[in-house]
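>>> next input, structure requested:
(4 chains)
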2 protein chains.
Amino acid sequence: MYFVLSKFEPKIHRTIYIKDPATSDLGRKILKYSVDLIDELGFEEFNFRKLGKHIHSTEASIYRYFDSKHKLLIYLSSWYWGWIEYRLTFRNANINDPVQKLTKAVEILADFVEVKSDSEILDTHKLFRIIFSESSKAYLIKDVDILNKDGVYYNYKQLVSAVSDIIHEINPTYPYPHMLTTTVIEGIHHQMFFSLHLKSLTDRKEGEHSILVFYKNLIFKQLNIKTEL
Amino acid sequence: MYFVLSKFEPKIHRTIYIKDPATSDLGRKILKYSVDLIDELGFEEFNFRKLGKHIHSTEASIYRYFDSKHKLLIYLSSWYWGWIEYRLTFRNANINDPVQKLTKAVEILADFVEVKSDSEILDTHKLFRIIFSESSKAYLIKDVDILNKDGVYYNYKQLVSAVSDIIHEINPTYPYPHMLTTTVIEGIHHQMFFSLHLKSLTDRKEGEHSILVFYKNLIFKQLNIKTEL
DNA sequence: CTTTAATGATAGCTTTACTATCACAATTGT
DNA sequence: ACAATTGTGATAGTAAAGCTATCATTAAAG
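Numbering: from 1, shown residues only, chains lettered A, B, ... in the order given. I've put the predicted structure just below:
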């Protein structure tokens, strides 16, 4: 069984891992199958012993790549944010109108744009599910300040910064570009989760695009952009 | 040492606890000091052994009140949401203008309204810190559907419903009252956390009221309310 | 063809999460 | 007044999680 490198590979900060999992067969197996297993069991029930069994390797071998399952979660999140930013940059490369750029950005963030998942190491659909149900655990922890100083949240910050820049381009005097960006990103995740598990907390019906419509509209109203809705 | 019952006591669903902690001295101690300890250690580092030591009781005694530390977190969150809804109802009792009601609601949700914390069993300022850094862990779990069926998220749903009702009163045709409500509630929490730990993800400067201003403005723009800002 | 690196196999240690049992004190019921 | 119930503490124990260490084997690199 091979695990080929895809063309795209995000830069992941070296303090997140002990040994770069992207550089070896076992490393890529860890990434790939941890997505499957976290998606299946949830982050709390997931551990390295189970992952080891799943990939016919051992706990000890996995610990050579990551300090803890928590760092692995940070890795997966970072990979995801890096991938999103890559798509965003790629998609918007030939677009000049910042409003259109922002629209595309929201669509990508809401997982609305079709993408061939197979071309990547990781199953990005499963990964998106992990992101909206587990990724906040990557920073809602006591040692967030230490990890932050170590640079482990770089990819998320980078993405937020990129989206904020588009907002700034649209309206240079708008005072809350970062708040707006994180409100939309985290909001999309919450609504996704609620629509699956706590339906009365959202207005999204299964299969609808309400989340996308809602957050596009929210952004446009904030920035006083007139749209033909 | 006494632990007196305050006048206010939210209804907490009985599937959250084994034995109602509000009805005994030890129970109230568990609640009060778990807030201190979770605030101090973070939810992951917190456990019943440490809490037992802290209150000069034992792990086994605490397990007679709660299944797990997770259920205790759900209890504390529910208590908080019940308390918020109580204040909201109380504060808006004599107000007829729904716009004014909604304004007050956001202020209460953003912890902006001064409150004498001492009059309650629980230190509501510490509790607010737990809410914005830990409370999402109460539902971001694999067995959310089972717990939800058991009714453990009642207080949160109730609050979201109450705020959504005000929105509906203001604009009966607005299609996303729940999304707007949860976006604002969860958004406030994220911005609070980011302003303390991941500053580049928000625009709030220490001591500023930007969070409140931002979300008030966001709501008003969504509902097409003209304000004298 | 020898050194180095990567993995597997195994073992073990500490802590967490939880359960069970028994003793004792304080209420409560009759 | 006495029995029964209830609440708590003390203690012990189990299974799993989280993590580290050691050694053998194989593969790759110098």
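>>> and chain A, which residues reach DNA strand C?
Residues of chain A that fall close to DNA strand C, judged by Cβ under 7 Å from any atom of the strand: A:19, A:24-27, A:56-61, A:64. Bear in mind the C-beta positions are built from the backbone N, C-alpha and C, glycine included.
>>> change it to 6 Å
Residues of chain A lying near DNA strand C by Cβ under 6 Å from any atom of the strand: A:24-26, A:57-58, A:60-61, A:64.
>>> and the furthest pair within these?
In the residues of chain A next to DNA strand C, two members sit farther apart than any others by Cβ to Cβ. They are A:Asp25 and A:Ala60, at 16.9 Å.
>>> what's the single longest helix in chain A?
If each helix of chain A is counted by residues according to DSSP state H, the longest one is helix A:69-92.
>>> quick one: the helices in chain A?
For chain A, the helices identified by DSSP H occupy A:25-41, A:48-54, A:59-63, A:69-92, A:98-109, A:124-134, A:144-150, A:154-170, A:177-197, A:210-222, in order along the chain.
>>> give me the low-pLDDT residue ranges for chain A?
Residues of chain A that meet the criterion pLDDT under 70 lie in A:1-7, A:116-119, A:228-229.
>>> quick one: name the residues of it near DNA strand D.
Applying Cβ under 6 Å from any atom of the strand, we find that chain A lies next to DNA strand D at A:47, A:49, A:59-60, A:63, A:68-69.
>>> one more time with 7 Å
Within chain A, the positions lying close to DNA strand D (Cβ under 7 Å from any atom of the strand) are A:45, A:47-50, A:59-60, A:63, A:67-69.
>>> just the residues you listed now: which is nearest DNA strand C?
The closest of the residues of chain A next to DNA strand D to DNA strand C turns out to be A:Ala60 (Cβ to the nearest atom of the strand; 3.7 Å).
>>> how many residues are close by the closest one?
Counted with other Cβ atoms under 10 Å in any protein chain shown, the neighbours of A:Ala60 add up to 9.
>>> now swap in A:Tyr174 and tell me
Number of residues near A:Tyr174 (other Cβ under 10 Å) recorded here: 15.
>>> go on, A:Leu127?
Other residues within reach of A:Leu127, judged by other Cβ under 10 Å, total 22.
>>> right, and A:Glu9 touches A:Asp20 too?
No: in this structure, A:Glu9 is not within contact of A:Asp20 by Cβ atoms under 8 Å, at 10.3 Å.
>>> give the contact list for the nearest residue to A:Ile12 once chain neighbours are set aside.
What sits nearest to A:Ile12 in space, not counting adjacent residues and going by Cβ to Cβ, 6 or more residues apart in numbering or on different chains, is A:Ser78, at 5.1 Å. Under the criterion of Cβ atoms under 8 Å, 6 or more residues apart in numbering or on different chains, the contact partners of A:Ser78 comprise A:10, A:12-13, A:16, A:152-156.
>>> count the residues that sit near A:Asp25.
The local packing of A:Asp25 (other Cβ under 10 Å) involves 12 other residues.
>>> now swap in A:His56 and tell me
Other residues lying near A:His56 total 7 when counted by other Cβ under 10 Å.
>>> for A:Asp111, give me phi and psi.
Note on A:Asp111: backbone dihedrals following degrees, to the nearest 10 are phi 60, psi 30.
>>> was I right to think it contacts A:Phe128?
Yes: under the criterion of Cβ under 8 Å, A:Asp111 lies in contact with A:Phe128, with a separation of 5.0 Å.
>>> relative to B:Tyr65, how far out is A:Val144?
Summarising the geometry, the distance separating A:Val144 from B:Tyr65, computed by Cβ to Cβ, to the nearest Å, is 30 Å.
>>> do A:Leu127 as well
From A:Leu127 to B:Tyr65 the distance is 38 Å (Cβ to Cβ).
>>> now for the closest residue in space to A:Ile170 that isn't next to it in sequence: which residues touch it?
Ranked by Cβ to Cβ, 6+ apart and with sequence neighbours excluded, the top spatial neighbour of A:Ile170 is A:Pro98, at 4.7 Å. Applying Cβ under 8 Å, 6+ apart, we find A:Pro98 in contact with A:166, A:169-170.
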